[in-house]
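Student: When you get a sec, could you give me coordinates for this:
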Amino acid sequence: MGTRSTLMPLWHVMRGGLDWLLYDTFQTADAAPITSPRTCEPGPGTLTVTGNALSIANDRLVIPAPSSTWEGVSSVGGFTLGAGLAIMGDVYSAGAGSVFGITFTNLSGTSETDASGYSRHRRNFGTYVVGAPSVTVGTWAAGKYVSVIRGTEGVFFIRDGSLVWVAGTEMTDHASTIYATIGSYNAVSEINSLAVIDLPANGYTDWDADFSTITDSETNPANGTTYSCDVNHHQTMTFTFEATNYARLSGRYDGGTSYGYRVRCVSDLSLIVQERQGEAVATLHTEAGVFADGVVYQIDAVCEGSTLKVYVNNVLKTTETIQYNATTALGGVHHDLDTNDIVITTHPYPALGIATSRIIAPQAADTATHTADCLMVARNVNLPTGGSLQYELRKVGSDEITLDIDSNGKPILKENATAKITGANGNISEDDDVVVILDGANASLFSDGTQIGSTVTDLSLTAGTTFNMASIGTAGSTNSVELWPRDVSSILPTELV
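Tutor: Have a look, this model is predicted:
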């Protein structure tokens with residue numbers, strides 16, 4: 001479950017069936033300068049006020065347009081960072097000044113610097129910007145702006161119940177204690193309400209920890225190191241192969257002579273997958289010539305129930321049925337490398353959270369479902385040396401919307417054979433995250449947080465809900481494809497939408 005604040009236990013007040021951590025609807029008129037600290041209405045919570053010009057009128061916090069001063073409010077006391085912790089700013093209006101922000105920050109008090117947090121919604125003149133590093137996702141408008149912490153590895157950004165962006169590991173510098181703040185710099189603003197809530201603690205468990213959660217990690221581990229690894233898991237190991245030595249990754253490991261599986265990268269350049277119970281060792285898969293001396297490799301092992309999939313550099317090598325240690329939540333690594341550059345991370349699996357589907361290292365013809373209006377996030381795209389990567393969305397029969405990326409990093413978003421968004425060579429580089437947002441007849445395309453292009457009311461295929469990895473080209477690959485719903489209003493309290 002999500003983690004409640006342990007710093008402000010008196011803030012847990014039930015209102016409207018919800019246990020709010022902070023809730024202020026600015027009910028009582030108060031001329032500038034308003035009292036600081038301010039007791040939230042109806043509560044719970046207390047706010048620090050920064051600036052002498054703020055007032056409360058017409059059930060709204062009114063922030064004037066100072067020439068060079070940040071004015072706003074910030075929570076007194078912090079909240080413990082955890083999956084599903086949400087901040088909401090209901091914005092009645094935000095004027096044409098330079099900055100307006102709603103965010104969790106790492107600092108108490110409120111200032112322009114504080115409001116530049118990793119979970120911020122920000123008006124920058126007329127544009128709508130999220131996060132840090134910032135991503136421009138549209139045009140600013142009045143509405144309910146919500147940030148939901150995603151484990152400790154990212155943020156969900158929502159406006160009026162619509163998911164506008166999913167931040168991964170690029171936005172991870174929240175402190176363990178965070179503060180809620182809202183304010184503006186050189187912008188007239190009126191705020192209907194400011195609220196903080198722990199969604200999982202209130203029964204909205206879809207927002208609890210998902211696959212971004214790191215169960216455990218190891219860097220340069222010694223031979224024989226064990227670590228936490230969920231029973232159903234995804235674990236990744238990167239290392240530089242040495243032709244005279246070996247590296248071995250194990251899952252469902254008892255710390256001794258039994259394991260659900262082990263993936264052996266051995267000195268004869270072969271890949272061997274085995275299971276073992278005591279002295280009984282069964283070889284499930286052997287493949288020669290997989291490795292080369294001095295080359296960096298990524299090994300992914302995905303284990304769910306009795307099914308194991310093993311990937312090398314995002315290429316599926318084998319799918320096996322395993323039988324031992326079905327409840328053992330431990331991993332292990334063995335090696336005799338001369339230069340130990342091993343890095344291991346483990347994650348729960350499938351642990352979709354609010355995602356509709358996710359495919360690890362998608363192979364050609366892999367399929368999944370998505371909502372018709374969706375965000376597709378292709379993580380760590382590796383360009384093909386020939387042909388193209390082709391991600392198909394809204395596929396129905398022979399109709400589909402396709403993102404095509406060629407060996408030069410040139411993207412084209414097509415509806416059947418008709419190009420709707422065309423990028424340039426080099427728009428997409430190695431290891432970029434690529435995002436497609438489909439919303440009715442509209443589409444947007446992003447690479448590494450920068451919008452490449454968009455099309456408005458130009459799509460006729462609006463109803464399909466099937467994803468297909470049509471092609472990976474020659475040596476092309478993607479670490480994962482995530483498919484997120486655009487409309488998340490049904491899994492949020494009505495007060496947040």
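
Student: State the number of residues packed around Thr319.
Tutor: Using other CB atoms under 10 Å, Thr319 is surrounded by 12 other residues. From N, CA and C alone the C-beta is placed, and that goes for glycine too.

Student: beta partners for it?
Tutor: Beta-bridge partners for Thr319, by DSSP bridges, are Lys309.

Student: my guess is it contacts Glu304, does it?
Tutor: No - with contacts defined as CB atoms under 8 Å, Thr319 does not count as touching Glu304, sitting 11.1 Å away.

Student: Just give the number of residues close to Val137.
Tutor: 21.

Student: Give the helix, strand or coil label for it.
Tutor: strand (DSSP: H, G, I helix; E, B strand; the rest coil).

Student: Does anything pack onto the host helix or strand of His234? Which helices or strands?
Tutor: For His234, the element it lies in under DSSP states H and E is strand 233-240. With contacts taken as 3 or more CB pairs under 8 Å, 6 or more residues apart in numbering; DSSP states H and E, strand 233-240 sits against strand 247-253, strand 296-304, strand 330-335, strand 343-348.

Student: Most tightly packed of those?
Tutor: strand 247-253 (a mean of 26; mean count of other CB atoms under 10 Å).

Student: between it and strand 330-335, how big is the angle?
Tutor: With axes from the mean of the first three to the mean of the last three CA atoms, to 10 degrees applied, the angle from strand 247-253 to strand 330-335 works out at 160 degrees.

Student: Show me what strand 247-253 is in contact with.
Tutor: 226, 229, 231, 233, 235, 237, 239, 241, 259-265, 299, 301, 303, 308, 322, 324-326, 328-335, 337, 342, 344 (CB atoms under 8 Å, 6 or more residues apart in numbering).

Student: So what's the gap between it and the chain middle?
Tutor: 27 Å (CA atoms, centre = their mean, to the nearest Å).

Student: Now do the phi/psi pair for the residue nearest the centre of the chain.
Tutor: Centroid-nearest residue in the chain, with CA atoms, centre = their mean: Gly168, separated by 3.5 Å. Taking degrees, to the nearest 10, you get phi -100, psi -130 for the backbone angles of Gly168.

Student: Find the residue closest to it in space, skipping its chain neighbours.
Tutor: Gly154 (4.8 Å; CB to CB, 6 or more residues apart in numbering).

Student: Run through the bridge partners of the one you found.
Tutor: Beta-bridge partners of Gly154, as defined by DSSP bridges: Arg150.

Student: The nearest residue to Asn427 once chain neighbours are set aside is in what secondary structure piece?
Tutor: Nearest non-adjacent residue to Asn427, counting by CB to CB, 6+ apart: Ile452, 5.1 Å away. For Ile452, the host element (DSSP H and E) is strand 450-455.

Student: where does the nearest residue to Gly151 once chain neighbours are set aside land in three-state SS?
Tutor: For Gly151, ignoring the flanking residues on the chain, the nearest one in space by CB to CB, 6+ apart is Thr213 at 4.3 Å. Under three-state DSSP, Thr213 falls in the coil class.

Student: Quick check: the residue lying closest to Ile354 once chain neighbours are set aside vs Leu483, distance?
Tutor: If the residues on either side of it in the chain are set aside, Ile354 comes closest to Asp206, at 4.9 Å by CB to CB, 6+ apart. Remark: distance between Asp206 and Leu483 (CB to CB, to the nearest Å) = 15 Å.

Student: do Ser490 as well
Tutor: The gap separating Ser490 from Leu483 is 17 Å, by CB to CB.

Student: between the two, which one's more packed in?
Tutor: Neighbour comparison, Ser490 and Leu483: the larger count goes to Leu483, with 21 against 9 (by other CB under 10 Å).
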